[in-house]
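1. Sequence and predicted structure are below.
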Amino acid sequence: METGQLPSGIGPQEGREFDLLAGGKKDIALFSDYRPADLDRFLLDHTFFLTTVTFHLKNRGAYHVYVVARRGHETSVDALLAMIDPDINAGFDEGRERRIGEILGYSNDEIGAWLSWNSPRG
């Protein structure tokens, strides 16, 4: 992922998910519409597991979500997918975006920066 496109305040997780997962600083990561090349190395030792979901967007067709999580965090994956699934075609929802950020382990400041950057009114 190209991190140069992100505004100040988003990160340091964005674009570094695998390093944070491997270092034990992150338990769950979501990859939207791309399957990272390094994914298999995290799945080999069975410390992590992968959940793949395909959604169908009104204007784009198939959209794939890949969630990698440390074993023991199955409930967080279920909660994350529940936040994404019902309203995938509904557009931006600040409450939903905030909860997704919390599940993914982002700080309040990072979530705020993400919301400001993505808000249709921002």
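-> Structure's in. What do you need?
2. where does G24 fall, helix, sheet strand or coil?
-> Of the three states, G24 takes coil under DSSP: H, G, I helix; E, B strand; the rest coil.
3. Where does the spatially most central residue of the chain sit: helix, strand or coil?
-> Residue closest to the mean C-alpha point of the chain, counted by Cα atoms, centre = their mean, is L30 at 2.8 Å. Judged by three-state DSSP, the three-state class of L30 is strand.
4. how deep is the nearest residue to it once chain neighbours are set aside tucked in, by neighbour count?
-> Once flanking residues are discounted, L30 sits nearest to V67: 5.2 Å by Cβ to Cβ, 6 or more residues apart in numbering. Just so you know, the C-beta spots here come from the backbone N, C-alpha and C atoms, and that holds for glycine as well. Using other Cβ atoms under 10 Å, V67 has 22 neighbouring residues.
5. just the one 4 residues further on next, same as before
-> Around R71 there are 10 other residues, counting by other Cβ under 10 Å.
6. Please name the residues that touch it.
-> When contacts are counted by Cβ atoms under 8 Å, 6 or more residues apart in numbering, R71 touches H46, T47, F48, F49.
7. Appreciated, that's everything.
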